[in-house]
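Asks: Would you be able to build a 3D model of this:
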Amino acid sequence: MNADLWLKLLPMLENRLEQGLYTLWIKPLTACCAGNNLELQAPNEFVASWVRERLLDTVREAAQELTGRRMELSVVVRRPAPAATASLADSASSASPLAAMSAAVRPRRGETSRLALPLDYQPRPIADSRWRFSFEDFVVGPCNELACAASKGLCNDALAADHLFLSSGPGLGKTHLLHAIGRQLAQKSNRSRVNIACLSAEEFATRLVLAIKAREAARFKSEFRESVDVLLLEDIHFFQGKGKLQDELLMTLKALQARGCKVVLTSSFLPRELNEVDPQLVSCFASGFLALMDTPDFATREEIVRRKAKSLQVQVPDDVTGLLAERLTTDIRQLESCLNNLVLKARLLGQRITTELAWQVLENYAEQSSAPNVDRIVSFVCKTYGIEEPELRSKSRSQQTVLARNTAFYLCRKHTDLSLAAIGERLGRKHSTVLKGIINVEREINHQTPLGRQISSTINRLSS
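Replies: All right, here's what the predicted structure looks like:
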């Protein structure tokens with residue numbers, strides 16, 4: 001078991017993590033196991049530090065699930081080849097992780113310069129099996145009909161523009177449509193391969209930084225601007241406030257537009273709601289077709305439950321379907337997660353799926369049948385984090401207060417129709433502060449960090 005533990009863990013981690021996270025940070029690792037100790041070996045300190053801070057808990061949970069026992073994990077840097085040990089040790093001892101990584105990829109005299117990054121960052125076609133979603137399993141309703149039609153139109157060259165901007169709250173189908181577009185374009189291609197780059201804005205930024213450190217910026221630019229046929233980029237609000245990254249993205253989008261390439265961007269915000277973004281970039285974001293997705297209505301939610309149950313090969317009674325659709329209204333991910341847990345619990349207990357069992361599972365989820373207003377959200381957040389309402393609106397920068405404030409921003413954005421500026425006005429903050437706070441919360445949740453799981457647990461306790 002010890003010899004191939006890591007090989008068995010890799011598929012589990014690939015299923016649990018976003019493709020970009022898995023490829024960029026997990027794939028470069030090697031591992032050795034002795035008893036209950038699992039040592040992960042990273043190519044450099046930059047990768048090691050990132051895995052320790054963001055992904056170690058995810059790896060530990062998967063290892064415990066696989067082995068049935070608690071594993072002790074550590075992350076170290078792989079020892080370099082003997083010839084390079086001395087030179088690398090000197091630079092690593094006095095430089096920052098990024099500087100050490102830069103030194104590690106600098107070629108020795110007489111060698112040909114090559115990119116020694118944690119992975120080959122060249123955008124490659126993703127095999128059909130790697131696309132997680134398709135149009136066939138996307139449930140269409142009044143909330144997303146336009147976005148779905150626009151996505152299909154882009155694939156069929158029936159859309160008047162080659163650029164598509166998808167916007168919605170979290171868990172409403174942006175990633176689903178993005179992967180469905182990638183799958184259909186890959187299948188449709190008449191060539192032997194179509195170069196589709198599908199990644200998050202954070203992964204794009206990380207790859208650029210690593211390329212610059214490796215003195216391969218020109219190659220990075222060439223690959224994204226000249227080799228990519230389709231760019232599918234998630235969560236572009238990540239670029240807010242990052243001037244140099246915005247410059248590179250703008251030049252990339254212009255180059256792709258000039259070549260007639262297809263570009264799909266997603267964000268939780270409309271282009272006009274972004275703050276500290278170059279006006280030219282905002283104009284570029286809005287130059288294509290803008291499609292918004294709202295929360296699904298009851299009939300759509302019922303159909304989502306039925307479609308998900310069919311994929312799980314299980315019969316769910318109509319009364320249970322209606323109960324789930326009635327109680328979980330604002331986040332499709334929660335709706336599908338609740339059904340997954342219900343099916344799993346029924347199978348483990350050897351019971352039929354009933355409304356009684358469904359109620360038991362629903363206790364772990366936020367009841368969303370009545371959207372809370374700002375006052376209720378503020379009261380809930382203050383009670384949860386143990387602070388007074390004036391402190392939430394104060395200038396305090398204590399860790400607890402900032403976390404509570406950002407959680408309030410996120411909940412107001414998710415459950416109300418208020419604009420970012422209106423949320424900021426109610427909580428004594430500027431539009432830009434609200435946006436940054438929401439982005440920070442989304443990042444922690446999406447990366448499944450310990451803080452992200454704590455925030456998710458807090459958010460799920462908000463009931464009607």
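
Asks: Can you tell me how far residue 27 is from residue 433?
Replies: Distance of residue 27 to residue 433, given as CB to CB, to the nearest Å: 36 Å. All C-beta atoms are positioned from the backbone trio N, CA, C, and that covers glycine.

Asks: Neighbour count for these two, which is higher?
Replies: Neighbour tally, residue 27 and residue 433, criterion other CB atoms under 10 Å: the higher count belongs to residue 433, 18 against 14.

Asks: And residue 284, how far from residue 319?
Replies: Relative to residue 319, and taking CB to CB, residue 284 is found at 49 Å.

Asks: go on, residue 23?
Replies: 43 Å.

Asks: higher neighbour count, those two?
Replies: Neighbour count, other CB under 10 Å: between residue 23 and residue 319, residue 23 has more, with 21 against 10.

Asks: Can you show me the helices along the stretch 51-200 of the chain?
Replies: With helices called from DSSP state H, counting those that start in this stretch, the stretch 51-200 of the chain shows them at 56-67, 82-94, 97-104, 145-155, 174-188.

Asks: Now the last one: buried residues?
Replies: Right, helix 174-188. Across helix 174-188, burial judged by 16 or more other CB atoms under 10 Å covers 174-186.

Asks: just the residues you listed now: which is nearest residue 426?
Replies: residue 174 (26.4 Å; CB to CB).

Asks: neighbours around the nearest residue in space to the closest one that is not next to it in sequence, how many?
Replies: Once flanking residues are discounted, residue 174 sits nearest to residue 266: 4.2 Å by CB to CB, 6 or more residues apart in numbering. For residue 266, the count of nearby residues is 24 (other CB under 10 Å).

Asks: same deal with residue 341?
Replies: For residue 341, the neighbour count with other CB under 10 Å is 15.

Asks: OK, contacts around the residue nearest to it when sequence neighbours are not counted?
Replies: Nearest non-adjacent residue to residue 341, counting by CB to CB, 6+ apart: residue 361, 5.2 Å away. Contacts were defined as CB atoms under 8 Å, 6 or more residues apart in numbering; by that measure residue 361 touches 338, 341-342, 345.

Asks: can those go into TSV with extra columns for pLDDT and distance to residue 374?
Replies: Shown next, in TSV, are the contacts of residue 361 (pLDDT from 0 to 100; distance: CB to CB, whole Å):
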residue	pLDDT	distance to residue 374
338	91	26
341	91	31
342	93	32
345	90	35
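
Asks: just the buried members of the residues you listed?
Replies: Neighbour-count burial (16+ other CB under 10 Å) applied to the contacts of residue 361 gives 338, 342.

Asks: Quickly note the distance from residue 146 to residue 233.
Replies: 20 Å.

Asks: Neighbour count for the two, which is higher?
Replies: When neighbours are counted by other CB under 10 Å, residue 233 comes out ahead of the other of residue 146 and residue 233, with 23 against 15.
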